[in-house]
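S.K.: Structure for the following, please:
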Amino acid sequence: MTKHFGGFPLSPDSDEMRLPEWIRKPVGPLALKPAQKQVSVYFNLDNGGGRIRGVYLQGNFAVEPIFSQWIAPLMDMGVTTFTQHGEFRTDHISFDNVGIPAFQFIQDPLDYHSRTHHSNMDTYESLQPDDLEQAAAVEAIFVLNAAMRDEMLPRKPLPALNTSISSQSLGSFPDGAQEAGPKSTSEDPSTSSPSQQKRRTVSGRE
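M.R.: Numbering: from 1, shown residues only. Below is the predicted model:
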């Protein structure tokens, strides 16, 4: 992430130098690389094999009217929920920390956190084919819609030093989740890079 998109300088204290980079204290302003402006969005599907039910908006209020339009034709597939709460335990956080719009899909938990998560129970036999097909279709639609936009997705303000790396998790299904519902709101113009600039849409699955 630091090599390609940017990051915060890390503490050079001797005690900090003994720690892995991902837990060392940031000590300076966020320094961005040119490629950071070329990525429109990162989507992450990382919480097991359950069906997609919605999206954690990660505090990015400007994308809600855009995603509302995308979700409208998916409601009969069970995709109905947005929450401005964030999910802080998956791979999209590295992108969010350097100002790239990044979102984790809300999924049915199944037995992911109670049994299969990072364990030898996470086997092929635990997969649910119908759920995988639904999740693949929903993710593909989001990626296609993002790639076909004339403008890049809107961005949050760049993170401040004291909020750059969060170890807090609000859980997989926070109380702030709400039904998306069809909306007629037109897409707000993006405040980020112009459409003619080279850009990329990234999607991650585990």
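
S.K.: quick one: the strands in the chain?
M.R.: Counting by DSSP state E, the chain forms strands over residues 6-7, 31-32, 39-45, 52-56, 81-83, 102-107, 178-179, 200-205, given from the N-terminal end onward.

S.K.: Let me have these in JSON lines, adding distance to Glu151 and mean neighbour count as columns.
M.R.: Glycine gets a C-beta too; all of them are placed from N, C-alpha and C. Written out in JSON lines, the entries for the strands of the chain read as follows (distance: least, CB to CB, whole Å; neighbours: other CB atoms under 10 Å):
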{"stretch": "strand 6-7", "distance to Glu151": "22", "mean neighbour count": "20"}
{"stretch": "strand 31-32", "distance to Glu151": "20", "mean neighbour count": "14"}
{"stretch": "strand 39-45", "distance to Glu151": "9", "mean neighbour count": "23"}
{"stretch": "strand 52-56", "distance to Glu151": "19", "mean neighbour count": "24"}
{"stretch": "strand 81-83", "distance to Glu151": "20", "mean neighbour count": "20"}
{"stretch": "strand 102-107", "distance to Glu151": "17", "mean neighbour count": "25"}
{"stretch": "strand 178-179", "distance to Glu151": "26", "mean neighbour count": "10"}
{"stretch": "strand 200-205", "distance to Glu151": "13", "mean neighbour count": "15"}
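
S.K.: quick one: which of those strands has the weakest pLDDT on average?
M.R.: Ranked on mean pLDDT, the bottom entry among the strands of the chain is strand 178-179, at a mean of 40.

S.K.: For the chain, give me the ranges with low pLDDT.
M.R.: 88, 110-119, 121-122, 124, 160-206 (pLDDT under 70).

S.K.: rerun at 80
M.R.: Flagging of the chain using pLDDT under 80 yields the residue ranges 1-9, 21-23, 26, 28-33, 35-36, 47-49, 85-93, 108-127, 159-206.

S.K.: one step back: let me have the strands of the chain in CSV, extended by distance to Asp96.
M.R.: Shown next, in CSV, are the strands of the chain (distance: least, CB to CB, whole Å):
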stretch, distance to Asp96
strand 6-7, 12
strand 31-32, 14
strand 39-45, 8
strand 52-56, 10
strand 81-83, 15
strand 102-107, 4
strand 178-179, 21
strand 200-205, 12
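
S.K.: So for Trp22, which of those strands sits nearest?
M.R.: strand 6-7 (10.5 Å; CB to CB).

S.K.: helices or strands next to the closest one in the packing?
M.R.: Counting contacts by 3 or more CB pairs under 8 Å, 6 or more residues apart in numbering; DSSP states H and E, the secondary-structure elements packed against strand 6-7 are strand 31-32.

S.K.: other SSEs contacting the strand it packs on?
M.R.: In this structure, strand 31-32 packs against strand 6-7, with contacts taken as 3+ CB pairs under 8 Å, 6+ apart.
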